[in-house]
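> coords below, sequence missing:
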């Protein structure tokens, strides 16, 4: 069904086939709505659905309590008035939840999914997520709190699907997971069998009696794939793509879906989903109690008006601009206080700048405090040009909520051009509009420039303000060239655009003569036109054909407010429904922005099918890749549950408003809580574009909405591999990979953060071959004085040297308190080779393991305490991975990534310069270090730098046991026991597995062919 409405019947067939040709592996509740399609389990509960429904329910409940005195409000009105910001916030939580199944750092690590009996580690991780969520919410770092909350929900929900809790007959929550004081259930020991063999898709009664008894029960969770190695007699996760299901005990116990192909305990899926949903609701209730109802609602941006964000030049020539901004702020605050729409005033941010200083960020949710900030602004000092405008704008972007609108007041050009790419990345990541109100018009000369008090330290280019125009155009904002005499009238744009229900009906640029049309529908109650430039004539035509010329006397259609650089046209009531025409004549370029009052709007993102470890659509971070297929996911917001609407397509509009591509959407669903609208693009356009959504309401009236930001297709991509938490006084490393989807070329790479924690900021030059990639890392040094709960925004940008191709990744990091490290290191089996015959002297056995410290101290030493074999240590690199584990590497290239494997620091000239890992360190690499029983522990703390260590143990079969001792720098110890008799070769059933899987794949493809025929619109 999701393939309906695509460009052709051939595409319908192709979509149906491709879904299973690249079928990923499932190891959790299904991530999102698309997962139901991939697994043919239409009635399965997904992580996304459970998360969104729980947040919606608790939010409505919280609002209902707060507005009990307003008897005229019902739940439907509360739902409609939640606001676009709320749905964006909910989307962030759901996205962080689903990302646990997609990100390389988390998707295969059992500690994030309650897999492989890692209950202790997963429980500790769950409690860390809870502490971070509370800390960040109380610190008003709401974006970080939403991400950690989504991660918490994922692990918590997985517990009920992956464990035997439901099979025990439990109908209550396992409160011990987040409440240590509550009773706990012991976990089955490593040598305790938990399952009996099951050779069917549906595994009834395969848990052993001791695992489901009511008295003295034991907890277990299923092992998944080849990591870690599954001991004999243990339960598998199960499902057709879980290779561990062929090892005794065969079968599995997961309840992720209603499909027996993927979930052996599919018959208990709804019971597991019910408990997972109840647990999610309980977390939200506990969070509301912990932080208070108002902070809880702010966390989800409930009914909040747009943030009021000013970036103010405070040099001596800016008196008029500061006065205008102060008056507008006061007017807006007064209007909000009189309004009964919401009890939450919103966010207020002020960032001053001059030269060489900028900041600090003055942020508050108290409007009177904000007015005090504005009153304290003084136009002093400076007097020369340029200024640190982009540095201040970068701070405003990092602190403002998503979907904000920022207003920059200045009369000077920017000094800090090097921040342009970082600023543009933050604009696109947060979908924030930036408007520049400039009281210096480079087209004017002499006296017309107004009173200038600035000196020129250097010869300034006449197009020195073009960078501002480029930034505002990208964001969907405006650059207005005005005068100090007109700045008060022009600043009315601030009030026009800070109403919570504003939607964009048209945003485009024009030349000297241009004509544009826009649609007003029944969901719009008020319309305001903003036109920048120098107009000589304007003609407005209503849907009925009535005309009015502007400038001129006010007519029957509209009222004009004209100032230098900005024309504000208000359509008069009653609004005519239909298509309006606007024709203009102007001197030079113009920009049109047409806004309407309406709750109906939309959110969107680009996605690709995951072919890693989980079925679903994975959100694409950064700009989409030009010329390749992609999915467009759209969520319509602001419709009440009783309203009906259908949205048929999205039109991609080029820089001049021309139609580049029409993307058909699959569904008539009108609510975020249902399935999103999905469109398939077989090729992303190469030109920049904006989005134009088209649909109809329940009475057949046309609906149109526009997203004004300019999407920049590219041929380069940045993928973040790991983003650690930051600890005061410690260094942390962010790992990422840069992909070149174009020809051989050189790129420049830069990194910026808003707090100055980066150890190196210099731009780096690197070469990437055609369709190749390179891995890089940046180091952040968190000072001892860093405030816990503080959010840090790291912006990575890459730019091709010979083309406009560029892309970005925005990494949100958090400073967390350094608690005593009480977590011992972990060791997990990766690969086993065992061929011990009855005569032990004629055979040998080998095991490969990964050692990792899950605390923040880092591994300190490794010792072989028992055994007659040899233990070889090495760092984790791709080369070593392929050399020692070719079978695992083949599997990884098909999408099954081993967890915790981080790329080794590159020793190329670029990396040496950037990271300080020159040749003097090469001889210190942990490479081929050998240990035997009786050797002293080997100190590895300086070699590993907190990274995992690969261990390879080999021994004769006459010495079937060994013990490795891992120690971290906090003194925590882990004993890793190896017993040859328990290690089974992983290839025992490879042949049968291959035949069975091929047969299943053929059956599934035939099934999808049938479905594609059923739903083929032709």
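On my side now, so go ahead. As the structure is a computational prediction, the values presented were derived from the model and not from experiment.
> From residue 165, how far off is residue 396?
To residue 165, residue 396 is 47 Å away according to Cβ to Cβ, to the nearest Å. Quick note: C-beta positions are derived from backbone N, CA and C, even for glycine.
> So those two - more neighbours on which side?
With neighbours defined as other Cβ atoms under 10 Å, residue 396 and residue 165 compare such that residue 396 has more, 27 against 24.
> check contacts around residue 583.
Neighbouring residues of residue 583 by Cβ atoms under 8 Å, 6 or more residues apart in numbering: 514, 515, 516, 538, 539, 541.
> Report the separation between it and residue 547.
10 Å.
> cool, and residue 824?
From residue 824 over to residue 547 the distance is 79 Å, taken as Cβ to Cβ.
> cool, and residue 728?
For residue 728, the distance to residue 547 (Cβ to Cβ) stands at 67 Å.
> So the two - more neighbours on which side?
Between residue 728 and residue 547, residue 728 has the larger neighbour count (other Cβ under 10 Å), namely 16 against 13.
> neighbours around the spatially closest residue to the more buried one that is not a sequence neighbour, how many?
The shortest distance from residue 728 to any non-neighbouring residue, by Cβ to Cβ, 6 or more residues apart in numbering, is to residue 786 (4.5 Å). Close neighbours of residue 786, defined as other Cβ under 10 Å, add up to 19.
> remind me which residues of the stretch 601-750 of the chain are low pLDDT?
The model of the stretch 601-750 of the chain has pLDDT under 70 over residues 611-614, 667-675.
> same question, the stretch 251-400 of the chain
In the stretch 251-400 of the chain (pLDDT under 70), the answer is 340-343, 382-384.
> Now do the contacts for the nearest residue to residue 388 once chain neighbours are set aside.
Distances taken as Cβ to Cβ, 6+ apart place residue 358 nearest to residue 388, at 4.4 Å, with adjacent residues excluded. For residue 358, the contacting residues are 351, 352, 388, 391, 392, 395, by Cβ under 8 Å, 6+ apart.
> and residue 358, what are its phi and psi?
Here is the backbone geometry of residue 358 (degrees, to the nearest 10): phi -160, psi 150.
> Any idea what it is bridged to?
residue 353 (DSSP bridges).
> Does residue 727 touch residue 815 like I think?
Yes. Judged on Cβ atoms under 8 Å, residue 727 makes contact with residue 815 at a distance of 7.4 Å.
> The two - which one has more neighbours?
Relative neighbour count places residue 815 above the other of residue 727 and residue 815, with 26 against 18, counting by other Cβ under 10 Å.
> and that one, backbone torsions?
According to degrees, to the nearest 10, residue 815 has phi -90, psi 120.
> Kindly report the same for residue 952.
Main-chain dihedrals, residue 952, degrees, to the nearest 10: phi -130, psi 110.
> Number of residues surrounding it?
Counted with other Cβ under 10 Å, the neighbours of residue 952 add up to 19.
> Just say helix, strand or coil for residue 144.
Going by DSSP: H, G, I helix; E, B strand; the rest coil, the secondary structure assigned to residue 144 is helix.
> now the contacts of residue 358 in JSON lines, with secondary structure, distance to residue 790 and neighbour count?
Shown next, in JSON lines, are the contacts of residue 358 (DSSP: H, G, I helix; E, B strand; the rest coil; distance: Cβ to Cβ, whole Å; neighbours: other Cβ atoms under 10 Å):
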{"residue": "351", "secondary structure": "strand", "distance to residue 790": "17", "neighbour count": "25"}
{"residue": "352", "secondary structure": "strand", "distance to residue 790": "21", "neighbour count": "23"}
{"residue": "388", "secondary structure": "coil", "distance to residue 790": "22", "neighbour count": "21"}
{"residue": "391", "secondary structure": "helix", "distance to residue 790": "19", "neighbour count": "25"}
{"residue": "392", "secondary structure": "helix", "distance to residue 790": "19", "neighbour count": "29"}
{"residue": "395", "secondary structure": "helix", "distance to residue 790": "14", "neighbour count": "22"}
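> Out of these, which comes closest to residue 50?
Among these, residue 395 lies closest to residue 50 (Cβ to Cβ), at 36.7 Å.
> I figured that closest one was touching residue 361, is that so?
Yes. Assessed by Cβ under 8 Å, residue 395 is found in contact with residue 361 at 5.1 Å.
> which residues are common contacts for these two?
Common contacts of residue 395 and residue 361, defined by Cβ under 8 Å, 6+ apart, comprise residue 351.
> need the helices for the stretch 851-1000 of the chain, in chain order.
Ranges of helices in the stretch 851-1000 of the chain, per DSSP state H, counting those that start in this stretch, are 878-884, 886-893, 909-915, 941-944, 990-1014.
> I misspoke; the intended subject was the stretch 101-250 of the chain.
119-138, 142-162.
> in the helix or strand immediately after the longest one in the chain, what counts as buried?
Sequence-wise, the next helix or strand beyond helix 142-162 is helix 269-291, with elements assigned using DSSP states H and E. Along helix 269-291, these residues count as buried under the neighbour rule (16 or more other Cβ atoms under 10 Å): 269, 271-273, 275-284, 287-288, 291.
> about what we covered before: as a markdown table, the helices of the stretch 101-250 of the chain with mean pLDDT, mean neighbour count and distance to residue 751 would be great.
Below are the helices of the stretch 101-250 of the chain laid out as a markdown table (pLDDT from 0 to 100; neighbours: other Cβ atoms under 10 Å; distance: least, Cβ to Cβ, whole Å):
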| stretch | mean pLDDT | mean neighbour count | distance to residue 751 |
| --- | --- | --- | --- |
| helix 119-138 | 94 | 20 | 23 |
| helix 142-162 | 95 | 26 | 19 |
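> Determine which of those helices approaches residue 319 most closely.
Minimum separation from residue 319 across the helices of the stretch 101-250 of the chain (Cβ to Cβ) falls at helix 142-162, 35.1 Å.
> one step back: check the contact lists of residue 583 and residue 547 and give me the overlap.
In contact with both residue 583 and residue 547: 539, 541, using Cβ under 8 Å, 6+ apart.
> Pull the contacting residues for residue 935.
For residue 935, the contacting residues are 863, 864, by Cβ under 8 Å, 6+ apart.
> Give me the distance between it and residue 574.
Residue 935 sits 89 Å away from residue 574, going by Cβ to Cβ.
> Repeat that for residue 178.
Going from residue 178 to residue 574 by Cβ to Cβ gives 55 Å.
> between the two, which one's more packed in?
Set residue 178 next to residue 574 and count neighbours by other Cβ under 10 Å: residue 178 wins out with 19 against 6.
> Next one: the more buried one relative to residue 279, how far apart?
To residue 279, residue 178 is 9 Å away according to Cβ to Cβ.
> cool, and residue 546?
Distance from residue 546 to residue 279, counting by Cβ to Cβ: 60 Å.
> now swap in residue 549 and tell me
Distance of residue 549 to residue 279, given as Cβ to Cβ: 64 Å.
> cool, and residue 857?
In this view, residue 857 and residue 279 are 31 Å apart by Cβ to Cβ.
> same thing with residue 120?
Residue 120 is 19 Å from residue 279, by Cβ to Cβ.
> Same check on residue 531?
53 Å.
> now swap in residue 237 and tell me
Remark: distance between residue 237 and residue 279 (Cβ to Cβ) = 20 Å.
> circling back to that earlier point, who are the contact partners of the residue nearest to residue 728?
726, 728, 815.
> what would those look like in CSV with distance to residue 218?
Formatted as CSV, those follow (distance: Cβ to Cβ, whole Å):
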residue, distance to residue 218
726, 38
728, 40
815, 39
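> tell me which of those residues is nearest to residue 503?
Within these, distances to residue 503 taken as Cβ to Cβ reach their minimum at residue 815, with 37.2 Å.
> Just to check, that closest one is in contact with residue 784?
No. Using Cβ under 8 Å, residue 815 makes no contact with residue 784, being 11.1 Å away.
> Between these two, which contacts overlap?
Contact criterion Cβ under 8 Å, 6+ apart; residues shared by residue 815 and residue 784: residue 728.
> ok, residue 390 touching residue 423?
Yes. Using Cβ under 8 Å, residue 390 is in contact with residue 423, at 5.5 Å.
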